[in-house]
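Student: Quick check, what structure comes out for this input:
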Amino acid sequence: MKKWKNILMCVALGGALVSCVDLDIPPKNIMTNEDIYNEGGITAYMAGLYNHLPMEDFNMGDDGGRGGFFNWLSDKTTMGSTGEYANNVCGNSCVYGDKGYWKPAYQIIRQANVLIQDLPNYVGKLQGAEEWIAEAKFIRAYTYYALVKRYGGVPLVKEPQPITDDGSALNVARNSHEESIDFILEDLDYAMQYMTDKKTNGRANKYVAAAVKARVALYAGSVARYGSLYNYTGKSGVVLTGVPASKANDYFKQAYEATLEVAKGGYQLNNGADKRQAFYEVFDKATTSPESIFIREYDINNYVHSWDKLMSPERMVGFSYGGRYFVPLDWVELFDGLPLDSETGHLKTTDDDGNFIVYDSGHGIFDNAEPRLKASIMIPGDTYKGYELDMRWGLIDPSVDPSQKIKKEIPDDGKTTTGWDKIAESFKVNGQKVAIRTTRRPNDGETYKIGGVDTKIAICGFDGPATSSSNMCTTGIYGVKWLQRNLASGETQLHRSTQPWIDIRYAEILLARAEAAIELAQNGVASHNGADLLEDAMKCINDVRERAGAELLTSTAQLADMTAPTNVRGTGKNSMIFAPTKGLQIVRVERYKELAVEHKLYWDLRRWFTAREQIYEFRWRMLAPYLFASTAEVDPDSGIPHGKYIFDTRVADSYGGQHNFDQKYYYEKIPDTERKVNPLLEQNDMY
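Tutor: Just a heads-up that it's a prediction; the model follows:
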C-alpha cells in the first residue's frame, strides 16, 4: 500500500512516465514496450492514469485541469445553486454549461486503450497481466462516465486510433446515449470479474468497480425514467441524449445488484457511540476508515490542496483568503431535531403571535439537532482551530430586557430581500428601534453597555455575518465538512493541506441501494432473489440515519408512498427537495443530508431532472442571531459575549440574488473547439 502511494506521489510530482508527457502522444513514441510491460513500468504507468482520473476532488477545475481551487471559488461552482454550499462569488448566479471537459478525457482513454490492446500479448509473461487489463478497463469506464453524465452519447473509441497525416482517422461520430452507457457497464463488468479484491488506498479493486457500476446504472435508470422530455435525436438518426423508458427497471436492477457486490467487500459505516465524532471521523480518518471505498491521497511534498486555508473562517486563518464556505439555511432545515414550523418547514423562531423566541445561548437553536448536522456545520460557542466560533448579526439595545416582546416584521418567504440598514430598523420595542448593527469588519470592536458595564465588544460576531467584508459568512452558518478543525492557524497555509478526498464511501452505496430498491418497488418489482426490496431499502436508510443520530423510519409504507409531494419550497419539512413521490423524496433528502459538499448533489439533480424546478428563483436564506446586551457577559479571555439570543431567518442580506437552472444544461454543450477539429461531432439540443 505504501509503495503504491509513493508511486502515485512521484507521478503527481511529474517524475515518471505519463505525468511528464503529453497524453495525446502514444507511449510507444516515448518509450519501448520493454520499458512499460514489466512490473515497475506498468505500475508507474497505471499510477499516471490514476492521477489524471476526472475525480471531482479539492483541485479539479471544470475542464479537468487540476491547477488548484478555481472551481470551488468561482461562479462556476455548481454547488452554489443546489443549496448545499454558498460563497460570496456565486451569490447571485452560477454558471452551469460550457464546462468543456473533453480533451483530457480522450487522452486518458487513448492511454487505457493502448494497455487494453497490448497487455493480452503479455499474459503468462507479465505477472497479473489479466488484472492490469481489467484495471485499464476500469479507468476507461470511469473516464467515459465523466463524459456521458455531461453530454449524453459520446464517440466510443475502443482501441488506439492510428495517427495519419491529415488526422481524419481520429474523427469519430457520437454513439447513442444508451450505447455509451452500456459500453461503460460492460467495461465495469469485466473489471469486477478480473480485478483483485485487495484494498489499496487510491487504487481500484473489484469492489470499487462495482461501486462505480452502481453509480453509473443508477444514473442510467434515472435518465430512462425521468429524462424523456429531453431526448434528442441528431441529424444522423442517433439518439444523442436520452435512454428508452423501457430500460429503467433493468438499469435500476443492475445498480441494486452492484451495491450487493460492494457489500461483499467488508466495507461498513464508520460508527461509534458519539454520533458527531463518528461522522467527523469519516473524513478525519479517511485513509483507515472502513467506510472509504475509493479515495485520492495527497502528500505535502508532492500533491497538495488548499481547502483549510480557503474554507476556514477568516479570523481563524489570519484574515487572508479564508471565509469562503458557507451553508444556506435551507439545507440546514433538512435535519432532524430542529424547531421547525410545520407549515413552512422553516426554522420556527417566533411564537404564535409572531414575537421572537428567546434562547439562552447563541447555540441554543442547535442544541437538539441531529449529530450529523453538528459535524457538518460550525456551531457557535464550539472551538475550531483554537478559536471559539462567534456568530452574531448584532445586538439588542441594552435598554431592552429579554422578557420584552420583539415582533418579526420581515417575512421569511424565500423571496423578500431587504438591505441591512432596513433590517435594523425593523426590530422595535414600543415603536423604538432596538437592533444595533455595524458594517465594519467584526474584529474592530466598539464600546457598549454589556450587562450594565461599558465593554468593548464586536457588535457583529468575530466570525460574522458581516456586510463590509467579502468573506464574512453571509448566511450566518459556516460549513465544516473536510476541514482540519484542530490545525493551528499558523499552520493553515495555501497549498499545504493533505487530507484525502473521498470519491466513494459506503454511505453512498447504501443510499444508492435504497434508491434503486424504491425505484423498482414503486414500479412493479417487489422483491429481488426473495428479499423484499422496501424492507431492504428501509434498513439501508436507517443504517445511515442511525449513524447520523437522526430519526429512524418506522414502516416500509413510508417508502411505498407514491403520493406526489407539493414540490414547492416553503410548504413543509423537506420541501426544498423535489421528487415524483414521497417515498423517493425520503431517500433523496437523505442523500442531500449525507453527501453534501462531496460533488454528488448537482449530478443528482441533473439525473433526476428536477434541477430546473428545484433551482428556480432560489435565494440563499440566512440565520441571523441577535444578542441581548442587557444581560450578556463577556468572557475576559476570548472577548466573546455570552447571553440570551433571538434568531431571525430571511433571505441573505448580501448575495441574496436568484439562482435559476436553464433546462438546456441537463446536457452540456459539446466544446466548439472539438467540433471544429472533428466535423462528425453533432451538437446537443438547444445550443
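Student: which regions of the chain sit below the pLDDT cut-off?
Tutor: 1-31, 62-76, 91-99, 164-167, 438-445, 467-470 (pLDDT under 70).
Student: Can you tell me the SS state at residue 281?
Tutor: helix (DSSP: H, G, I helix; E, B strand; the rest coil).
Student: For residue 482, see how far away it is.
Tutor: As judged by C-beta to C-beta, to the nearest Å, residue 281 and residue 482 stand 13 Å apart. Where you see a C-beta, it was placed from the backbone N, CA and C, and this is true even at glycine.
Student: Quickly list what's touching both of those two.
Tutor: With contacts defined as C-beta atoms under 8 Å, 6 or more residues apart in numbering, no residue is shared by residue 281 and residue 482.
Student: quick one: which of these two has more around it?
Tutor: residue 482 (21 against 18; other C-beta atoms under 10 Å).
Student: Let me know the secondary structure of the more buried one.
Tutor: Per three-state DSSP, residue 482 ends up coil.
Student: list the contacts for it?
Tutor: 58, 283, 307, 311, 499, 597.
Student: Which residue comes closest to the second one once chain neighbours are left out?
Tutor: Of all residues beyond its chain neighbours, the one nearest residue 283 is residue 482 (5.7 Å), with distances taken as C-beta to C-beta, 6 or more residues apart in numbering.
Student: what do you get for the fourth one?
Tutor: On the basis of C-beta to C-beta, 6+ apart, the spatially nearest residue to residue 311 that is not a chain neighbour turns out to be residue 325, at 3.7 Å.
Student: what about the one you found, how many residues close to it?
Tutor: Residue 325, neighbours per other C-beta under 10 Å, totals 27.
Student: wait, doesn't it sit right on residue 85?
Tutor: Yes. Residue 325 is within contact range of residue 85, at 7.1 Å (criterion: C-beta atoms under 8 Å).
Student: hmm, back to that, which among the contacts of residue 482 end up buried?
Tutor: Buried members of those, scored by 16 or more other C-beta atoms under 10 Å, are 58, 283, 307, 311, 499, 597.
Student: Can I get those in TSV including distance to residue 34 and secondary structure?
Tutor: Listed next are the buried ones among the contacts of residue 482 as TSV, based on distance: C-beta to C-beta, whole Å; DSSP: H, G, I helix; E, B strand; the rest coil:
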residue	distance to residue 34	secondary structure
58	37	coil
283	43	helix
307	42	helix
311	47	helix
499	39	coil
597	46	coil
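Student: Make TSV from those and add distance to residue 378 to it.
Tutor: What follows is the buried ones among the contacts of residue 482, written out as TSV (distance: C-beta to C-beta, whole Å):
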residue	distance to residue 378
58	19
283	15
307	15
311	11
499	17
597	13
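Student: tell me which of those is nearest to residue 520?
Tutor: Using C-beta to C-beta, residue 597 comes nearest to residue 520 of the buried ones among the contacts of residue 482, at 29.4 Å.
Student: For that closest one, grab phi and psi.
Tutor: Main-chain torsions, residue 597, degrees, to the nearest 10: phi 60, psi 30.
Student: same thing with residue 143?
Tutor: phi -70, psi -40.
Student: That one and residue 137: what is the separation?
Tutor: Counting by C-beta to C-beta, the gap from residue 143 to residue 137 is 11 Å.
Student: again, but for residue 518
Tutor: 31 Å.
Student: re earlier: mind listing what the residue nearest to residue 311 touches?
Tutor: 85, 87, 310-312, 478-479, 483.
Student: for residue 383, same thing?
Tutor: So residue 383 contacts residue 389 (C-beta under 8 Å, 6+ apart).
Student: partners of it in the sheet?
Tutor: Residue 383 has these beta-bridge partners by DSSP bridges: residue 388.
Student: Could you measure from it over to residue 226?
Tutor: In terms of C-beta to C-beta, residue 383 sits 45 Å off from residue 226.
Student: I'd like to know how many residues surround residue 649.
Tutor: Neighbours around residue 649, by other C-beta under 10 Å: 23.
Student: That one: what's its closest spatial neighbour, skipping adjacent residues?
Tutor: In space, residue 649 is closest to residue 412, 4.6 Å off (C-beta to C-beta, 6+ apart).
Student: I'm done for today, thanks for sticking with me.
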